[in-house]
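**Student:** Provide a 3D model corresponding to the input given below.
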Amino acid sequence: LFMDGASPSTLTVGRDLIVTNQSALNLHSAPTNSAAATYGTLVSVGRDICVYSNCYLKPWSHSTNGGSILFRCKAFLVVTGGVVDANYTGFAGGVAANGFGPGGGQGTLYAGGGYGGAGGYAAGNYGKTYGSSNAPVDPGSGGGGGTGQRGGGLIRVEANRVTLYGTLTASDTAWSGHMVGSGSGGGIYLRCRSIEGNGVLRANGGNHFNGSSGSAGGGGRIAVWSSYDDFLFDTNRVTVKGGDSPEAARWGQPGTIVWARLPWPGTVIQLR
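**Tutor:** Numbers count the residues shown, from 1 in each chain. The predicted structure is shown next:
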């Protein structure tokens, strides 16, 4: 589904948005408009968003503008085996040029893209860091070079309750190649009253292939804000790794993780 209309655009679902029966739902964002909202497309769901086992919800950011999708619902559920997949859906890589995005890798040096962490480089400039660690509303940037790799996208959710036993992933899963830099990891940004589960959150940069002229991508950004936290946090399952490389200069730097509390809504009565 391509949201190519007004910027920003809106997709409204009156009741539930359910991805089931081993299916995949691809949503492509409209461009963002900095004078208006910080998103390209709002997916507004009256009740719940559910992604079931062996199913994929895939949000695509605009490849050159960076406009991304904001999911707003009451409950956001990803069961075991379900995947919200924003791998390789961020800013585009360069085509004989710099990668797209604020952290795009330099094209003539085939540098990796940056976001939460800087991209790798053989010499000279590399993909820079940008955006907010507390509120990552941007996708990852592309690598530079002949046909640089695309950065990870953005998974952004505002809900009353998040239940996560499956996977949220916004990474560049590709490798660098000859005259090709890898993209950076993307962003995962969750704001909710409560979060529970033991799922996986990944926003990793793309790797550097041994012997290639390209470089690895930097890690992305993950920020989770909740009032009540019953999520089983584990650094093996919540990752923002920079891309790997057998050459030290071509490593991508790690990104950022913010896991924080929101105050409970309500009224404060002070007695003196």
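**Student:** Tell me where the stretch 151-272 of the chain has strands.
**Tutor:** 154-164, 167-169, 187-197, 200-202, 221-231, 238-239, 256-261 (DSSP state E, counting those that start in this stretch).
**Student:** Average pLDDT for the shortest one, rounded please.
**Tutor:** By that I understand strand 238-239. Averaged over strand 238-239, pLDDT sits at 97.
**Student:** Kindly report the same for the second one.
**Tutor:** Predicted confidence along strand 167-169 averages 98 (mean pLDDT).
**Student:** Name every strand pairing with it and say which way it goes.
**Tutor:** strand 83-85 (parallel), strand 200-202 (parallel) (DSSP bridges).
**Student:** what does the last one rub up against?
**Tutor:** Spelled out, that is strand 200-202. Here strand 200-202 makes contact (CB atoms under 8 Å, 6 or more residues apart in numbering) with 164, 166-171, 185, 188, 222, 224, 237-240. For glycine as for every other residue, the C-beta is placed from the backbone atoms N, C-alpha and C.
**Student:** Taking those residues, please make a ChimeraX selection of just the buried ones.
**Tutor:** The ChimeraX command for the buried members of the contacts of strand 200-202 (criterion: 16 or more other CB atoms under 10 Å) is given here:
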select :164,166,167,168,169,170,171,185,188,222,224,238,239,240
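**Student:** Dump the strands of the stretch 151-272 of the chain to JSON lines, plus distance to Ser63.
**Tutor:** Formatted as JSON lines, the strands of the stretch 151-272 of the chain follow (distance: least, CB to CB, whole Å):
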{"stretch": "strand 154-164", "distance to Ser63": "13"}
{"stretch": "strand 167-169", "distance to Ser63": "18"}
{"stretch": "strand 187-197", "distance to Ser63": "15"}
{"stretch": "strand 200-202", "distance to Ser63": "21"}
{"stretch": "strand 221-231", "distance to Ser63": "19"}
{"stretch": "strand 238-239", "distance to Ser63": "25"}
{"stretch": "strand 256-261", "distance to Ser63": "24"}
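**Student:** between those strands, which one is nearest to Ser53?
**Tutor:** strand 167-169 (11.0 Å; CB to CB).
**Student:** Neighbouring strands - and their directions - for the helix or strand bottoming out on mean pLDDT in the chain?
**Tutor:** Sorting the helices and strands of the chain by mean pLDDT, DSSP states H and E puts strand 9-13 at the bottom, at a mean of 92. Strand 9-13 sits in its sheet next to strand 41-45 (parallel), going by DSSP bridges.
**Student:** Run through who's touching the partner strand.
**Tutor:** Under CB under 8 Å, 6+ apart, the answer for strand 41-45 is 3, 8-13, 15-17, 27, 29-30, 67-74.
**Student:** Measure how far it is from the centre of its chain, please.
**Tutor:** 17 Å (CA atoms, centre = their mean, to the nearest Å).
**Student:** Not counting its own residues, what contacts the following helix or strand past it?
**Tutor:** For strand 41-45, the following helix or strand on the C-terminal side (DSSP states H and E) is strand 48-51. Strand 48-51 is touched from outside by 16-20, 57, 71, 73-79, 82-84, 159, 166, with contacts defined as CB under 8 Å, 6+ apart.
**Student:** Quick one: list the elements packing against the helix or strand following strand 48-51.
**Tutor:** Going down the chain from strand 48-51, the next helix or strand is strand 56-60, by DSSP H and E. Counting contacts by 3 or more CB pairs under 8 Å, 6 or more residues apart in numbering; DSSP states H and E, strand 56-60 packs against strand 24-28, strand 69-78, strand 83-85.
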